[in-house]
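Peer 1: need a 3D model of the following:
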Amino acid sequence: ATLTAKDSLRVYATLAERLGLHRLKSQLQASAFRILYPRQYSAASTLFQQHGEAMEAISQFLSDQLKQLLLGDQSLMYELDDLQVVARVKEPYSFWKKLLKKRLAPRDST
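Peer 2: Next up, the predicted model:
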């Protein structure tokens, strides 16, 4: 199961993303994350269960605000046939990867 989960993260999720199959990519990452890193998966999933609705609401609010701002720009709207603003809340695996990357990044000394 561990080898399959590693393959899912390295190969299949990457392939799914490149093919535009984002839902499949997220499902593969979530399953592999649960198998390979159960403690981290539990912590990230708990955060999403506790704060997921609030994150979705904030995301929707910001999307709506941005869309209204862009719709108010007459020169932009003259150039466009249609305007669509799409936002998403990161999945637990992506969130965890981002936290790791930020933790490993060199810190600003200022």
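Peer 1: quick one: Phe95 and Ala44 touch, right?
Peer 2: Yes: in terms of CB atoms under 8 Å, Phe95 counts as a neighbour of Ala44; the distance is 5.8 Å. Where you see a C-beta, it was placed from the backbone N, CA and C, and this is true even at glycine.
Peer 1: neighbour count winner among the two?
Peer 2: Each of Phe95 and Ala44 has its neighbours counted (other CB atoms under 10 Å); Ala44 has more, 22 against 15.
Peer 1: contact partners for that one?
Peer 2: Going by CB atoms under 8 Å, 6 or more residues apart in numbering, Ala44 touches Phe33, Pro92, Tyr93, Phe95, Trp96.
Peer 1: can you pull the contacts of the first one?
Peer 2: The neighbourhood of Phe33, defined by CB under 8 Å, 6+ apart, consists of Leu9, Gln40, Tyr41, Ala44, Pro92, Tyr93, Trp96.
Peer 1: can you rerun that using 7 Å?
Peer 2: Going by CB atoms under 7 Å, 6 or more residues apart in numbering, Phe33 touches Tyr41, Pro92, Tyr93.
Peer 1: equivalent analysis for the third one, please.
Peer 2: Remark: with contacts taken as CB under 7 Å, 6+ apart, Tyr93 is in contact with Gln29, Ala30, Phe33.
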